[in-house]
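**Student:** Fold the following.
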Amino acid sequence: MTLRFSVLASGSTGNAFYIESERQKLLVDAGLSGKKLTELFQKIQVDPSDLSGILVTHEHSDHIKGLGIFARKYNLPIYANEKTWKAMDKSIGKLSVDQRFLFQMEEVKTFEDMDVESFGVSHDAAEPMFYTFHSNGKKVALVTDLGYVSERIKKTVEDADAYIFEANHDVEMLRMGRYPWSVKRRILGDSGHVSNEDSGLALADIISNRTKRIYLAHLSLDNNMKDLARMSVDQVLQERGINIGLYDTDPEEPTSLFEVS
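**Tutor:** Just a heads-up that it's a prediction; the model follows:
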């Protein structure tokens with residue numbers, strides 16, 4: 001086995017991502033209740049007490065809602081950068097010193113047989129960052145919660161075997177929707193979220209022949225639909241002669257464990 005992963009939950013209501021190598025099991029974000037997270041792990045038949053740790057991307061509640069409870073219940077170490085620790089400290093409750101670890105932006109940390117690289121994204125949080133995972137020559141990239149995909153990010157995440165990539169909203173649905181204009185402006189801005197079309201354009205630049213599949217993630221409940229996201233991204237890719245499997249993620253149900261081979 002090289003890398004296996006499941007998108008446990010993805011969307012505006014809560015996010016959690018699980019990835020494992022031969023010797024490590026990591027959770028990224030814990031944006032649902034501790035009870036719900038435990039249920040999601042049961043569905044993919046993984047015991048949370050076997051986890052090696054939790055990586056945090058940023059302090060928004062849809063990424064850390066159950067973090068403190070879950071880490072205390074299973075006595076797990078948490079990794080986050082300094083600004084994120086400060087921003088989320090009051091929300092996650094008391095943790096022992098040996099559960100607090102720094103993982104700075106633009107750093108590579110080695111967890112036994114898995115290397116994890118962090119990279120900064122443009123989002124309205126203290127110091128948001130996401131990750132690429134490397135083991136045995138395989139690469140998985142997790143990229144959501146960003147207003148736009150910079151050239152620097154493209155360089156970091158290009159040529160991965162699998163992507164979990166944001167397709168947050170359909171621009172027309174968002175413009176016509178019920179959100180106040182201030183919220184619409186935030187989502188559409190450079191530190192908001194990536195639209196379906198922009199997701200397709202970015203993916204067209206970074207995927208390669210080795211890319212097996214793409215999971216479309218962090219879909220807005222109000223301003224997107226799974227079919228629409230898949231169709232919009234696929235259309236952009238097809239126009240560039242790229243034909244690749246696009247997979248849904250869900251705010252309530254985990255994706256099946258996928259092994260990168």
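
**Student:** show me where pLDDT drops low in the stretch 51-200 of the chain?
**Tutor:** Nowhere does the stretch 51-200 of the chain drop to pLDDT under 70.

**Student:** mind listing the strands in it by residue range?
**Tutor:** In the stretch 51-200 of the chain, the segments counted as strands under DSSP state E, counting those that start in this stretch are 53-55, 78-80, 100-102, 108-111, 114-120, 129-135, 138-143, 162-166.

**Student:** would JSON lines of those strands with distance to Arg72 and mean neighbour count be doable?
**Tutor:** C-beta coordinates here come from the backbone N, C-alpha and C atoms, glycine included. Formatted as JSON lines, these follow (distance: least, CB to CB, whole Å; neighbours: other CB atoms under 10 Å):
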{"stretch": "strand 53-55", "distance to Arg72": "11", "mean neighbour count": "23"}
{"stretch": "strand 78-80", "distance to Arg72": "10", "mean neighbour count": "26"}
{"stretch": "strand 100-102", "distance to Arg72": "12", "mean neighbour count": "13"}
{"stretch": "strand 108-111", "distance to Arg72": "21", "mean neighbour count": "14"}
{"stretch": "strand 114-120", "distance to Arg72": "23", "mean neighbour count": "19"}
{"stretch": "strand 129-135", "distance to Arg72": "23", "mean neighbour count": "24"}
{"stretch": "strand 138-143", "distance to Arg72": "24", "mean neighbour count": "24"}
{"stretch": "strand 162-166", "distance to Arg72": "27", "mean neighbour count": "27"}
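
**Student:** and of the ones you listed, who's closest to Leu188?
**Tutor:** Proximity to Leu188 (CB to CB) singles out strand 162-166 among those, at 13.7 Å.

**Student:** Direction included, what does the closest one pair up with?
**Tutor:** Its sheet considered, strand 162-166 pairs with strand 138-143 (parallel), strand 213-217 (parallel) by DSSP bridges.

**Student:** Next, the angle from it to strand 129-135.
**Tutor:** 170 degrees (axes from the mean of the first three to the mean of the last three CA atoms, to 10 degrees).

**Student:** what comes into contact with strand 162-166?
**Tutor:** 5, 7, 10, 17, 140-146, 157, 193-194, 199, 202-203, 206-207, 211-218, 249, 258, 260 (CB atoms under 8 Å, 6 or more residues apart in numbering).

**Student:** CA atoms only: put that strand into PDB for me.
**Tutor:** Taking Å, rounded to 0.1, in the frame of the first residue of the first chain, the C-alpha atoms of strand 162-166 are listed here in PDB:
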ATOM      1  CA  ALA A 162      -5.200  12.400  -6.900                       C
ATOM      2  CA  TYR A 163      -6.800  15.700  -6.000                       C
ATOM      3  CA  ILE A 164      -9.300  16.800  -3.500                       C
ATOM      4  CA  PHE A 165     -10.100  20.200  -5.000                       C
ATOM      5  CA  GLU A 166     -12.500  23.000  -4.300                       C
END
